[in-house]
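*Asks:* give me the fold of what follows.
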Amino acid sequence: MHKGNLSRRGFMQRSLATLAAAGLPAWYAREVFAADDKKDESPGEKVIMGAIGIGSPASRGRAIYGDARGQKAEYIAACDVDKRFLDNALEMMKKDGFDAKGYSDFRELLDNPKVNAVTIAVPDHWHALIVIDALRKGKYVYCEKPLTLTIAEGQAVVKVAKETGRTFQTGSMQRSDPRFRLACELVRNGRIGKVKQVETRIGGNPTCEPIPKVAVPEGLNWDFWLGPTPEADYVERRGADGKLANCRHPYEFRWFYAYSGGKMTDWGAHHNDIAQWGLGMDHSGPIAVEAEGAEPSKDPNAYNTHPTFKVTYTYASGTKLYCASHQLEGSADPKETVVKDKDGKEHKVGHDNGVLFEGEGGKWIFVSRGIITASDPKLIEEPLPADATRLYVSNNQMANFFECIHTGKPTVCPAEVGHRSATVCHIGVIALRTGKKLDWDPVKEQFDDAEANKYLSRPMRAPWKLEA
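*Replies:* Here you go, the predicted model:
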């Protein structure tokens, strides 16, 4: 990416200005620029790709496809159980210059020997089965977070990923945001002293009245969508504008425990992942968990994740992690921060979503997708010493996946890390659903309670089985 002296100087100045607008101090912005500048944008030959779960135009599947298309990817296959989405996606791929074949069954796509890598963006209850099949068929895998629906599924994915040795990336994209990496490096190097507590703010879960059962739309294989989960009605409610207001498919599966874990595994998979990273717990986790939350709906056709909640985790060090639907009373940081964009225009950014690390003497660092700020600006502005602990450098989650395919090195968020971060979310959900204070063994990956341990796995509807 080297340029002539004049163009390079201008390019560097523009890049540093953009990074500074993102809230990064000058010393760190220079490091980020240097890390990107010294490597090719996408090394190696084109990767022949398949997209499993291409989804609607506004879906994560489309966003992930766009990220991969920006690398050296050639898409020759796409899969979705909804023919409406699949047809639309194939037309999009054609316009992008790809001659892609459509599939309604992921297994048939994975049997295509020409496909050597896949992106997976399907509802959570499908992640493990598709990932395991893809790995065993020799594919490189990029899977949207949260990695799995259950802890047992995560263990199975980790086992197969190790056995096959294929490049694997969990889509925990905040690990490739320099703001989050900087926050974790500062915390890991004692910038705020001993970490007393971490607060992850992820928002509450939506609620709704029971959603009416309607006919399955033409082209949607509803039985395949449900897959290993229990039989359920196809339901949807549309607003006055004709747009979907409540449903299971395509997006709102997140608010049913049968398919996901609500905000705990939606935003929690992002922010609790950063908490784990900042605490140096990538291969471990908390030792206890307790939770409180508003009662969810009991109706099978209404959202049933807890509307509001507070989950408290305890680590062996004594550090507490609070994952909540709301900002906790008495939190150390202000309600908003003024930041400037690349054009110098000021904007107010709230702190209702993000990660707050609190240390000794009232010191804290807060980071979100919009800002990184601290109790004292010097905590961020002062460069780390030469012998500081530094974390894995990735400034683009998808580019890192492609780079690791070509180099063979581990990704920034491999299966084990994705599993451990998802586990934090899962045990929080289990504490909510059981209403119990639980001890957790991060080595054995078990609770001290028989009822809670029943939630570590879930029975799968025939003919689907978890085989690892």
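*Asks:* OK, contacts around residue 224?
*Replies:* Going by CB atoms under 8 Å, 6 or more residues apart in numbering, residue 224 touches 81, 104-105. For every residue, glycine as well, the C-beta is placed using N, CA and C.
*Asks:* ignore the last one, residue 175
*Replies:* The neighbours of residue 175, taking CB under 8 Å, 6+ apart as the test, are 181, 273-274, 277, 392, 394, 397, 412-413.
*Asks:* kindly report the same for residue 440.
*Replies:* Per CB under 8 Å, 6+ apart, neighbours of residue 440: 285-289, 427, 446-448.
*Asks:* per-residue pLDDT of it, please?
*Replies:* Residue 440 carries a pLDDT score of 98 in this model.
*Asks:* one more: residue 340?
*Replies:* 73.
*Asks:* the helices in the stretch 101-250 of the chain, which residues?
*Replies:* Using DSSP state H, counting those that start in this stretch, the helices of the stretch 101-250 of the chain run over 106-110, 127-136, 151-164, 178-188, 222-226.
*Asks:* give the buried residues for the last one.
*Replies:* Residues 222, 225-226 are the ones in helix 222-226 that count as buried (16 or more other CB atoms under 10 Å).
*Asks:* for residue 96, which non-adjacent residue is closest in space?
*Replies:* Excluding the flanking residues, the one nearest residue 96 by CB to CB, 6 or more residues apart in numbering is residue 69, at 6.3 Å.
*Asks:* thinking again about what came up before, can I have the buried ones of the contacts of residue 440 as a ChimeraX selection?
*Replies:* Remark: buried members of the contacts of residue 440, expressed as a ChimeraX selection using 16+ other CB under 10 Å:
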select :285,286,287,288,289,427,447
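*Asks:* which of the contacts of residue 224 are buried? Put it as a PyMOL command.
*Replies:* Buried members of the contacts of residue 224 can be picked out in PyMOL with the line below, counting by 16+ other CB under 10 Å:
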select buried, resi 81
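*Asks:* hmm, back to that, just send the contacts of residue 440 back as TSV, with distance to residue 232 too.
*Replies:* Formatted as TSV, the contacts of residue 440 follow (distance: CB to CB, whole Å):
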residue	distance to residue 232
285	32
286	33
287	36
288	34
289	29
427	25
446	30
447	28
448	33
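*Asks:* got the contacts of residue 440 as CSV, with distance to residue 236, pLDDT and secondary structure columns?
*Replies:* As requested, these are exported to CSV (distance: CB to CB, whole Å; pLDDT from 0 to 100; DSSP: H, G, I helix; E, B strand; the rest coil):
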residue, distance to residue 236, pLDDT, secondary structure
285, 37, 98, coil
286, 38, 98, coil
287, 42, 98, coil
288, 40, 98, strand
289, 35, 98, strand
427, 32, 98, helix
446, 39, 98, strand
447, 37, 98, strand
448, 42, 97, coil
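*Asks:* what count of nearby residues applies to residue 246?
*Replies:* Neighbour count of residue 246, defined by other CB atoms under 10 Å: 21.
*Asks:* and for residue 108?
*Replies:* Residues near residue 108, counting by other CB under 10 Å, number 12.
*Asks:* got a list of what it touches?
*Replies:* Contacts of residue 108 by CB under 8 Å, 6+ apart are residue 79.
*Asks:* give me that answer again for 10 Å
*Replies:* Counting by CB atoms under 10 Å, 6 or more residues apart in numbering, residue 108 touches 77, 79, 101.
*Asks:* reformat those residues as JSON lines; add distance to residue 454, pLDDT and neighbour count.
*Replies:* As requested, these are arranged in JSON lines below (distance: CB to CB, whole Å; pLDDT from 0 to 100; neighbours: other CB atoms under 10 Å):
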{"residue": "77", "distance to residue 454": "38", "pLDDT": "98", "neighbour count": "24"}
{"residue": "79", "distance to residue 454": "33", "pLDDT": "98", "neighbour count": "26"}
{"residue": "101", "distance to residue 454": "42", "pLDDT": "98", "neighbour count": "17"}
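*Asks:* leaving out the residues flanking it, which one is nearest to residue 138?
*Replies:* residue 166 (6.8 Å).
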